[in-house]
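J.: build me a structure from this.
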Amino acid sequence: MTGNQSEQIREQVREGYAQIARETSSGCCGPGVSCCGSAPADADTLARQLGYSVAELEALPHGANMGLSCGNPAALAALRPGETVLDLGAGGGFDVFIAGRKVGPAGRAIGVDMTPEMLARARRNTVQYSATTGLNNVEFRLGEIEHLPVADDSVDVVISNCVINLSPDKPQVWREMARVLKPGGRVAVSDMALLKLLPPEVLKMVEALVGCVAGAALVRDTERHARAAGLANVEVRVKPEYVVALEQFEDPLYQKILASLPAGSKPQDYIASVEVTARKPSGQCCCNGAC
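T.: Residues are numbered from 1 along each chain as shown. Sure, this is the predicted structure:
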């Protein structure tokens, strides 16, 4: 992919998510649940299906949950008090605010997003978060996930929720994750991935790109990118139930994809949510030789 092609993809994604940030009741794909934006009630319903608790959702600043999730990376990461956690593609701050409560006053939750409109929304939400929790432990930085505005070896955990698929240079994203992690630090990512290649008609849909589908990597490539970045203990778990849920919600994007698939096929034959966990080697080996 050329530099111009990569930048064109970034601009399409940036504009798509700027539109979502500007909306107050639904995302770019219209009413219903979708990883490119959802009506508030549907967004909460989907989040509960993904494992977020009612208490977590009720504690969020108004409008932080826009239905952009395809997993629950904060839970997957098993965050601990005092840790510094970095969220790639933080959007309105959904996972950052949940992470901030988990890491507590001695910890820090940092969100990075390349869309100014999303960043402005997240920063507005920070006021309510601090007023409700009494915590001043979250921040949001403008930047691309391929070039993180974060120092080397500075974070304990990297999380991301349905964002890496949007990048035109996924290997670089994984290298950046490895760079910013402290030795022994860990990755917990929820993302969309392909079980097999999509038909060309779907790949041409701009809304499929913004909706976390057309840009997704094959499952095997996701694992390969993580390992090539130098991460260890890489595990990729396929979670087909997310796509099934979107079909049950009659998501407009997935209905359009369904119409473009071969007869008898379903979106879940091609697309799945995945959970990816990994660690940055600490450089110190234990007694059995595993680092």
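
J.: which parts of this protein are strands?
T.: For the chain, the strands defined by DSSP state E occupy 84-88, 108-113, 138-142, 155-161, 181-194, 217-218, 232-239, 271-279.

J.: of those, which shows the lowest average pLDDT?
T.: Ranked by mean pLDDT, the strands of the chain bottom out at strand 217-218, with a mean of 90.

J.: that strand: how far from the chain's middle?
T.: Strand 217-218 sits 15 Å away from the centroid of its parent chain (Cα atoms, centre = their mean, to the nearest Å).

J.: give me the contact list for it.
T.: Asn165, Lys170, Ala193, Leu194, Leu195, Lys196, Leu197, His225 (Cβ atoms under 8 Å, 6 or more residues apart in numbering). Backbone N, C-alpha and C define where each C-beta goes, glycine included.

J.: re the thing from before, looking at the strands of the chain, which is nearest to Phe94?
T.: Ranking the strands of the chain by distance to Phe94, with Cβ to Cβ as the measure, places strand 155-161 first at 7.4 Å.

J.: contact partners for Thr126?
T.: When the contact criterion is Cβ under 8 Å, 6+ apart, the partners of Thr126 are Pro61, Gly93, Val138, Glu139, Phe140.

J.: contacts for stretch 129-137, please.
T.: 59, 61, 93, 97, 100-101, 103-105, 107-109, 138.

J.: wait, isn't Arg14 in contact with Thr115?
T.: Yes - here Arg14 reaches Thr115: they are 5.3 Å apart, a contact under Cβ atoms under 8 Å.

J.: pull out the buried residues from stretch 102-115.
T.: Lys102, Val103, Gly104, Gly107, Arg108, Ala109, Ile110, Gly111, Val112, Asp113, Met114, Thr115 (16 or more other Cβ atoms under 10 Å).

J.: follow-up on the earlier one: I'd like the strands of the chain as TSV, with distance to Ala78 appended.
T.: Shown next, in TSV, are these (distance: least, Cβ to Cβ, whole Å):
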stretch	distance to Ala78
strand 84-88	11
strand 108-113	15
strand 138-142	19
strand 155-161	9
strand 181-194	8
strand 217-218	25
strand 232-239	14
strand 271-279	10
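
J.: ok, which of those comes nearest Leu76?
T.: That would be, of the strands of the chain and by Cβ to Cβ, strand 181-194, which comes in at 4.1 Å.

J.: in its sheet, which strands sit next to that closest one, and in what direction?
T.: Using DSSP bridges, strand 181-194 pairs in its sheet with strand 155-161 (parallel), strand 217-218 (parallel), strand 271-279 (antiparallel).

J.: now, of those strands, which is deepest in the fold?
T.: Comparing the strands paired with strand 181-194 by mean neighbour count (mean count of other Cβ atoms under 10 Å), strand 155-161 comes out on top with a mean of 26.

J.: what angle do that strand and strand 108-113 make?
T.: 40 degrees (axes from the mean of the first three to the mean of the last three Cα atoms, to 10 degrees).

J.: distance from strand 155-161 to the middle of the chain?
T.: 10 Å.

J.: compute the inter-axis angle for that strand and strand 84-88.
T.: Going by the same axes, to 10 degrees, strand 155-161 makes 30 degrees with strand 84-88.

J.: for ChimeraX, write the select line for the buried members of the contacts of strand 217-218.
T.: Here is the ChimeraX selection string for the buried members of the contacts of strand 217-218, based on 16+ other Cβ under 10 Å:
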select :165,170,193,194,195,225
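
J.: distance to Ser260 added to the contacts of strand 217-218, as a markdown table?
T.: Compiled in a markdown table, these are given as follows (distance: Cβ to Cβ, whole Å):
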| residue | distance to Ser260 |
| --- | --- |
| Asn165 | 18 |
| Lys170 | 24 |
| Ala193 | 19 |
| Leu194 | 15 |
| Leu195 | 16 |
| Lys196 | 15 |
| Leu197 | 13 |
| His225 | 27 |
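
J.: so what pLDDT did Ile257 get?
T.: 76.

J.: same question, Ser26
T.: pLDDT, Ser26: 39.

J.: cool, Ala21 as well?
T.: 81.

J.: how about it, nearest residue that isn't a chain neighbour?
T.: Glu117 (3.7 Å; Cβ to Cβ, 6 or more residues apart in numbering).

J.: my guess is the one you found meets Arg22, correct?
T.: Yes - counting by Cβ under 8 Å, Arg22 is a contact partner of Glu117 at 6.0 Å.

J.: neighbour-wise, which of the two wins?
T.: Glu117 (17 against 11; other Cβ atoms under 10 Å).

J.: fine by me, we can end here.
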